[in-house]
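# next come a sequence and a model predicted from it.
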Amino acid sequence: MDLLHFTSDNKDKFGRDCDTKYDPCDYSFVFNVGTTSNRNKYFKFRTKGFNHYSPLNFCEGELLSDNSSIQTVRTPFSIPFYDSWTGSFHLRIKVDDRDGKYPNYNFVAIDRFFKIININPGEIKTETLTGMWKVRSTITIAFVVKCTNQFYGLTCT
């Protein structure tokens, strides 16, 4: 999964400025990748805060995790799946404004995204998702599914 681009209007989900008119949001993203019955089956992760005015463009190799995380995650990142490939996954993304100091961060919701991604192994798909709340943020992500080692075909079996 490769994060490419995020836009927002520097406001929370109610249309209020994140911090002040002159201070950008500290965007923090929560990714849930799973199925209908298990939203975190494949992956759940919260990024560090990105103190940046919109638009936010992600660079290859950019560190997404912060120093307090057990995982080191950079873009693009791989998400392993351990079953036969079903042809799709559920992607949920929550975007927050992160304030405060570790470990006592305060998170204020900015927007949410949900999409069922239908994709076959070997296919590259780029999606731009539009947020569900008042601010109508967008996030653009590229996806590719690869079968590993001795696995092949549409179900990677």
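Thanks, I have it. This is a predicted model, so every value here is computed, not measured.
# which residues does Thr36 contact?
Going by Cβ atoms under 8 Å, 6 or more residues apart in numbering, Thr36 touches His90. Every residue, glycine included, has its C-beta placed from N, CA and C.
# pLDDT below threshold where in this protein?
Along the chain, the parts satisfying pLDDT under 70 run over 20-22, 67-71.
# in it, which residue is closest to the centre?
The geometric centre of the chain, computed from its C-alpha atoms, lies nearest to Phe31 (Cα atoms, centre = their mean), at 4.4 Å.
# so how far is Lys146 from that residue?
Computed with Cβ to Cβ, to the nearest Å, the distance linking Phe31 and Lys146 is 19 Å.
# rewinding a little: each with direction, which strands does the host helix or strand of the residue nearest to the centre of the chain pair with?
Using DSSP states H and E, Phe31 sits within strand 26-34. When pairs are called by DSSP bridges, strand 26-34 turns out to pair with strand 43-46 (antiparallel), strand 50-51 (antiparallel), strand 88-99 (antiparallel).
# would you point to the one among those strands that's packed deepest?
Mean neighbours per residue, mean count of other Cβ atoms under 10 Å, is largest over the strands paired with strand 26-34 for strand 88-99, with a mean of 20.
# Tyr53 - nearest residue in space that isn't next to it in sequence?
Pro24 (4.4 Å; Cβ to Cβ, 6 or more residues apart in numbering).
# pretty sure the one you found sits against Cys18.
Yes - the pair Pro24 and Cys18 passes the contact test of Cβ atoms under 8 Å, sitting 7.1 Å apart.
# shared neighbours, those two?
Between them, Pro24 and Cys18 share the neighbouring residues Asn10, with contact defined by Cβ under 8 Å, 6+ apart.
# the two - which one has more neighbours?
Cys18 (21 against 18; other Cβ atoms under 10 Å).
# before we move on, back to that, got TSV for the strands paired with strand 26-34, with distance to Ile141 too?
Formatted as TSV, the entries for the strands paired with strand 26-34 read as follows, by distance: least, Cβ to Cβ, whole Å:
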stretch	distance to Ile141
strand 43-46	13
strand 50-51	15
strand 88-99	8
